[in-house]
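Undergrad: Give me the fold of what follows.
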Amino acid sequence: MGSGQFPFLMRLLHRDGISQEILIRELNCDRATGTRAINKLEESGYVLRETDPQDKRAYRICLTDEGRHLGPVIRQMSAIINNIVFDGFSEEEKELFIRMIRRAAFNIAHENDLRKAQK
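TA: As a prediction, the model looks like this:
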């Protein structure tokens, strides 16, 4: 699994069965990037695409048993990364950093949406 698929698996561990569109939107990536990441996870046997029963044009992304078994490893990796990133930060600094990163991600997503609307 590449680093590009990691956030998708993390999100699915919290919201298994989420729609593909919402998953991609919540991770603030463009549709093509999100589809590629999901395709790789599907090819690796970690997720399945299922047709949404309420909207036959949409897909829900579900973890396979193999994908669910990765949960503890992914959580451990996430904890290690967070410990490295936040080493020496106070709780207040951590919260501020996270808010700033979220705002930056929102700004990028908003700018991408504006550019798409102009095309």
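Undergrad: Give the burial count for C29, as a bare number.
TA: C29 sits with 21 neighbouring residues when counted by other C-beta atoms under 10 Å. For glycine as for every other residue, the C-beta is placed from the backbone atoms N, C-alpha and C.
Undergrad: What does it show for phi and psi?
TA: Summarising the backbone geometry of C29 under the convention degrees, to the nearest 10, its torsions are phi -120, psi 160.
Undergrad: Over to S19?
TA: Summarising the backbone geometry of S19 under the convention degrees, to the nearest 10, its torsions are phi -70, psi 150.
Undergrad: wait, isn't it in contact with C62?
TA: No - counting by C-beta atoms under 8 Å, S19 does not reach C62; the two are 10.8 Å apart.
Undergrad: counting residues per helix, which one in the protein is longest?
TA: Selection of the longest helix in the chain by residue count, based on DSSP state H, yields helix 91-118.
Undergrad: What residues of that one count as buried?
TA: For helix 91-118, the neighbour count (16 or more other C-beta atoms under 10 Å) marks no residue as buried.
Undergrad: helices and strands of the protein: which one has the lowest mean pLDDT?
TA: Across the helices and strands of the chain, mean confidence by mean pLDDT, DSSP states H and E is lowest for helix 91-118: a mean of 85.
Undergrad: gap between that one and the chain center?
TA: Averaged C-alpha coordinates place helix 91-118 at 15 Å from its chain's average position (C-alpha atoms, centre = their mean, to the nearest Å).
Undergrad: Check which residues of stretch 47-66 are buried.
TA: Buried residues in stretch 47-66, defined by neighbour count with 16+ other C-beta under 10 Å: V47, Y59, R60, I61, L63.
Undergrad: chain center to stretch 4-14, what's the gap?
TA: When C-alpha coordinates are averaged (C-alpha atoms, centre = their mean), stretch 4-14 and its chain have centres 5 Å apart.
Undergrad: For it, which outside residues touch it?
TA: Contacts with stretch 4-14, where a contact means C-beta atoms under 8 Å, 6 or more residues apart in numbering, come from 1, 18, 23, 26-27, 33-34, 36-38, 40-41, 44, 46-47, 61-63, 67-68, 70-71, 74-75, 77-78.
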